[in-house]
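Trainee: I'll drop the sequence and a predicted model, then ask my questions.
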Amino acid sequence: MLTNVEHIGIAVRDIAASNDLFTKLLGVQPYKAETVETEGVATSFFRINQTKIELLEALTAASPIARFLEKKGEGIHHIAFEVDDIYAEMDRLKGEGFILLSETPKTGADNKLVCFLHPKGTNGVLIELCQERKIATKDLTPSH
Ligand SMILES: CC[C@@H](C(=O)O)C(=O)SCCNC(=O)CCNC(=O)[C@H](O)C(C)(C)COP(=O)(O)OP(=O)(O)OC[C@H]1O[C@@H](n2cnc3c(N)ncnc32)[C@H](O)[C@@H]1OP(=O)(O)O
Ligand SMILES: [Co+2]
């Protein structure tokens, strides 16, 4: 099940300049910055109540963000939905005919499991599914 919008991803050319811009716009500073090597991106995150904004700058020419900036310029790059069970959602959405961009979940920011749906199958909007990694409850039970 999709439970809520987890974040909105915005592609930017210069994350330092955009951090200043979004700090002025939102009235809060980014609460974290993270490099995600597998996607070739530097990110920063802003939060207002439950709403999260992810700024993304390309670190390599092969990054999806570099290609996006080249073709479309800066702007909204993706919408990420939190899911309770990413494997179940990937199966369900594949069954509904959506195009998954990976067969298995990848590791995203915050060590979450993520999977993308191709924008060609979603009215031109890149969709990210993301799920918190679950810690087995037995790992939290104190041993006696
Ligand atoms: C930080 C980690 C993580 C998190 O935890 O939050 C992230 O958010 S990572 C974000 C960056 N990673 C990704 O975007 C991974 C998924 N994306 C991809 O695999 C690719 O970008 C793509 C969607 C498959 C497109 O790649 P490719 O086919 O190589 O690029 P093209 O430039 O040729 O695009 C083809 C086609 O698709 C359109 N497009 C591309 N990106 C988007 C987009 N974000 N939104 C809407 N449309 C998009 C592009 O314009 C092309 O259209 P046409 O020109 O009409 O063919
Ligand atoms: Co994202």
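Mentor: Received, thanks. Numbering: from 1, shown residues only. Ligands and ions are numbered 1, 2, ... in the order given.
Trainee: hey, let's count contacts and neighbours off CA atoms from now on
Mentor: Noted.
Trainee: Strands along the protein, start to end?
Mentor: 2-11, 32-36, 41-48, 51-58, 75-83, 106-107, 113-117, 126-131 (DSSP state E).
Trainee: what's around E57, how many residues?
Mentor: Using other CA atoms under 10 Å, E57 has 25 other residues around it.
Trainee: Dump the strands of the chain to JSON lines, plus mean pLDDT and distance to ligand 1.
Mentor: Shown next, in JSON lines, are the strands of the chain (pLDDT from 0 to 100; distance: least, CA to the nearest ligand atom, whole Å):
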{"stretch": "strand 2-11", "mean pLDDT": "97", "distance to ligand 1": "6"}
{"stretch": "strand 32-36", "mean pLDDT": "98", "distance to ligand 1": "5"}
{"stretch": "strand 41-48", "mean pLDDT": "98", "distance to ligand 1": "6"}
{"stretch": "strand 51-58", "mean pLDDT": "98", "distance to ligand 1": "7"}
{"stretch": "strand 75-83", "mean pLDDT": "98", "distance to ligand 1": "4"}
{"stretch": "strand 106-107", "mean pLDDT": "96", "distance to ligand 1": "7"}
{"stretch": "strand 113-117", "mean pLDDT": "98", "distance to ligand 1": "5"}
{"stretch": "strand 126-131", "mean pLDDT": "98", "distance to ligand 1": "5"}
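Trainee: Out of the ones you listed, which is closest to L26?
Mentor: Evaluated over the strands of the chain, closeness to L26 peaks at strand 41-48, with 7.9 Å, by CA to CA.
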